[in-house]
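Colleague: After the sequence you'll find the predicted model.
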Amino acid sequence: MASMHEGRCEMIQTKTKGWPWAAAAVAVLAAPALANDIELERCDGPMGTVAVVEPQDEYMRTLRRMDLQSPTSLIRMMLQETNCLIVVERGQGMQNMMQERELARSGELRQGSNVGGGQMVTADYILSPEVVLSEGNTGGVGGAVGGLFGGSAGRVLGGVAGSLKFSEAKTTLLMADARTGVQVISAEGNARDSSFTLGALGGSGGVGGALGGYSNTSEGRVIASGFANNVNGIVNQIRANPSLQRDVSGVFGGPTTAGAVFGAGDLLHPKINNVRLLAAPGDESQVVATLARDDGMIYLGEEQDGYLAVESSHGAGWVRKLLVDN
């Protein structure tokens, strides 16, 4: 049985026969699945951690011409909605986090605040957004479409086609491995003027509901729908490639204890006298030497079970991390 929607499409196609420039307007009414939202992918559990960086200046200039802000908040919210990747803060909030750590180092925070080194979660991946707009004059088409259909439908379609300041938005998300710097995934696609009707990104209940221009302007909704497709592309590529999936079991494993962070080659000293230098990382290991407070050690960059591998004038071995400082 033909649906009411199918009957409406047939009527539109008949009415627009011979008007090829009206194809975009027909596509809007003939594809309710598109108009009813882009469905973001969902995962049973996250497959890694990701930091979303700000777009390069050239892309930000493009967005500002459309009165749009940086899309990083939008993309973070989309990623969080999928439950496929854990988003770590590397934006403006990072400055506040570092300020808290500086206060802790200066002794200004109250005792037991547990803010310090070695607590931040590592980003497995770095995600960089890009957007390029193909600008064109859509106002004439919008007016013609509105005149063709007339009534409320004509006003809606005229507003759809005539309000956009560009004809197409090409959005891209590039994902690089944070440890190697190698780009491992790219997801790109084109969003055209009919795409802005995607309700999930423009409605108050969607992930973009409180994101200003990305939820309440035609240009913003087009770009948002493009990034939604990019996010889905990123997720599907990670899902299909087990080598890109990371263990995140320790991310939400409870509170971590703040501690000092040392780098390979750092010069360390015992906090007290008679610190044992051990042959292996464990209290029951053989004692190589006993170190005084003025004995220096070079940290070799390896840590195991709360012990650091060091080289000293008394030989190489392991010392308890809690008993040394730089």
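Modeller: That came through, no problem.
Colleague: Outline the domain layout of this protein.
Modeller: 22-88+123-244, 267-325 (automatic domain parsing).
Colleague: May I ask you to confirm that residue 310 belongs to a helix?
Modeller: No. Counting by DSSP: H, G, I helix; E, B strand; the rest coil, residue 310 is not part of a helix but strand.
Colleague: residues contacting it?
Modeller: 268, 277, 297, 298, 299, 300, 316, 317, 318, 319, 324 (Cβ atoms under 8 Å, 6 or more residues apart in numbering). The way it works is simple: take the backbone N, C-alpha and C, and place the C-beta from them, glycine included.
Colleague: what's the distance between it and residue 249?
Modeller: 30 Å (Cβ to Cβ, to the nearest Å).
Colleague: Then residue 301?
Modeller: Remark: distance between residue 301 and residue 249 (Cβ to Cβ) = 24 Å.
Colleague: What is the neighbour count of residue 282?
Modeller: 13 (other Cβ atoms under 10 Å).
Colleague: Likewise for residue 219?
Modeller: 22.
Colleague: Buried residues, the strand or helix carrying it. List them.
Modeller: Using DSSP states H and E, residue 219 sits within helix 218-240. Neighbour counts over helix 218-240 (16 or more other Cβ atoms under 10 Å) mark 218-235, 238 as buried.
Colleague: which is the next helix or strand following it?
Modeller: Using DSSP H and E, the helix or strand that follows helix 218-240 in sequence is strand 267-270.
Colleague: Parallel or antiparallel, which strands does that next one pair with?
Modeller: Strand 267-270 sits in its sheet next to strand 297-304 (antiparallel), strand 324-325 (antiparallel), going by DSSP bridges.
Colleague: ok, back up a step: the more surrounded of residue 301 and residue 249?
Modeller: Higher neighbour count among residue 301 and residue 249: residue 301, with 12 against 9, using other Cβ under 10 Å.
Colleague: got a list of contacts for stretch 278-285?
Modeller: So stretch 278-285 is in contact with 286, 287, 288, 304, 305, 306, 307, 309, 317, 318, 319, going by Cβ under 8 Å, 6+ apart.
Colleague: so what's the fifth one up against?
Modeller: Translated: residue 305. Residue 305 touches 281, 282, counting by Cβ under 8 Å, 6+ apart.
Colleague: Tell me if I am right that residue 318 is in a strand.
Modeller: Yes. Counting by three-state DSSP, residue 318 is part of a strand.
Colleague: Which parts of this structure are helices?
Modeller: 4-15, 23-30, 32-35, 57-65, 72-82, 92-106, 139-149, 151-163, 199-202, 213-216, 218-240 (DSSP state H).
Colleague: what stretches of the stretch 1-150 of the chain score poorly on pLDDT?
Modeller: 1-37, 94, 104-107, 109, 111-118, 135-150 (pLDDT under 70).
Colleague: hmm, back to that, okay, the domains of the chain, which one's buried deepest?
Modeller: Of all the domains of the chain, domain 22-88+123-244 has the most neighbours on average by mean count of other Cβ atoms under 10 Å, namely a mean of 18.
Colleague: Mind telling me the two of the contacts of residue 310 farthest from one another?
Modeller: Greatest spatial distance in the contacts of residue 310: 316 and 324, 14.6 Å, computed using Cβ to Cβ.
Colleague: Residue 319 and residue 308 touch, don't they?
Modeller: Yes. Under the contact definition of Cβ atoms under 8 Å, residue 319 touches residue 308, with a separation of 5.7 Å.
Colleague: Can you check which residues contact both of those two?
Modeller: By Cβ under 8 Å, 6+ apart, residue 319 and residue 308 have these common neighbours: residue 268.
Colleague: I'd like the distance from residue 168 to residue 229, if you could.
Modeller: 13 Å.
Colleague: Pull up the overlap in contacts between these two.
Modeller: In contact with both residue 168 and residue 229: residue 191, using Cβ under 8 Å, 6+ apart.
Colleague: so how many other residues sit close to the closest residue to residue 89 other than its chain neighbours?
Modeller: Using Cβ to Cβ, 6 or more residues apart in numbering and skipping the chain neighbours, the partner closest in space to residue 89 is residue 97 (6.8 Å). Residue 97: 14 surrounding residues under other Cβ under 10 Å.
Colleague: next one: the one 4 residues further on
Modeller: Residue 101 is flanked by 16 other residues according to other Cβ under 10 Å.
Colleague: need the contact list for the residue lying closest to residue 267 once chain neighbours are set aside.
Modeller: In this structure, residue 267 finds its nearest non-sequential neighbour in residue 296, 5.6 Å apart by Cβ to Cβ, 6+ apart. Contacts for residue 296 were tallied using Cβ under 8 Å, 6+ apart; they are 267, 268, 269, 312, 313.
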